[in-house]
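In: need the 3D shape of this:
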Amino acid sequence: MNNTNLTGVQLKMLVKESVKEALVSEVMKLRALLLPYVSQKEQKGIERLYGKPSRKIVKTYNVEA
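Out: Numbering: from 1, shown residues only. Sure thing, here's the model as predicted:
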């Protein structure tokens with residue numbers, strides 16, 4: 001059995017990081033649910049006008065101090 005002792009600060013940081021990860025995951029699910037529905041016909045029209053989307057993954061984070 002592995003017995004690990006955590007200080008109060010370490011425990012707080014662990015809980016804080018776990019809550020942050022859970023919130024990010026839930027916010028991403030919520031954002032996906034709020035995306036408008038696009039029919040196949042609409043999607044083809046969009047691709048005709050603007051080209052197919054790149055499959056390159058891009059993430060942007062804005063941090064305000």
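
In: Leu14 is in contact with Leu6, isn't it?
Out: Yes: with contacts counted by Cβ atoms under 8 Å, Leu14 reaches Leu6, the gap being 7.0 Å. Placement of C-beta: from N, CA and C, glycine included.

In: helix or strand: which one has Val24?
Out: For Val24, the host element (DSSP states H and E) is helix 8-34.

In: who does that helix touch, helix- and strand-wise?
Out: On a contact count with 3 or more Cβ pairs under 8 Å, 6 or more residues apart in numbering; DSSP states H and E, helix 8-34 meets no helix or strand.

In: spit out the contact partners of Tyr37.
Out: For Tyr37, the contact set (Cβ atoms under 8 Å, 6 or more residues apart in numbering) is empty.

In: any idea how far Arg48 is from the residue nearest the centre of the chain?
Out: When Cα atoms, centre = their mean is applied to the chain, the residue found nearest the centroid is Met28 (4.2 Å). Going from Met28 to Arg48 by Cβ to Cβ, to the nearest Å gives 29 Å.

In: just Gln10 next, same as before
Out: In terms of Cβ to Cβ, Gln10 sits 55 Å off from Arg48.

In: let me know the secondary structure of the nearest residue to Ile46 once chain neighbours are set aside.
Out: Spatial nearest neighbour of Ile46, chain neighbours left out: Val38 (7.4 Å); criterion: Cβ to Cβ, 6 or more residues apart in numbering. With DSSP: H, G, I helix; E, B strand; the rest coil as the basis, Val38 sits in coil.
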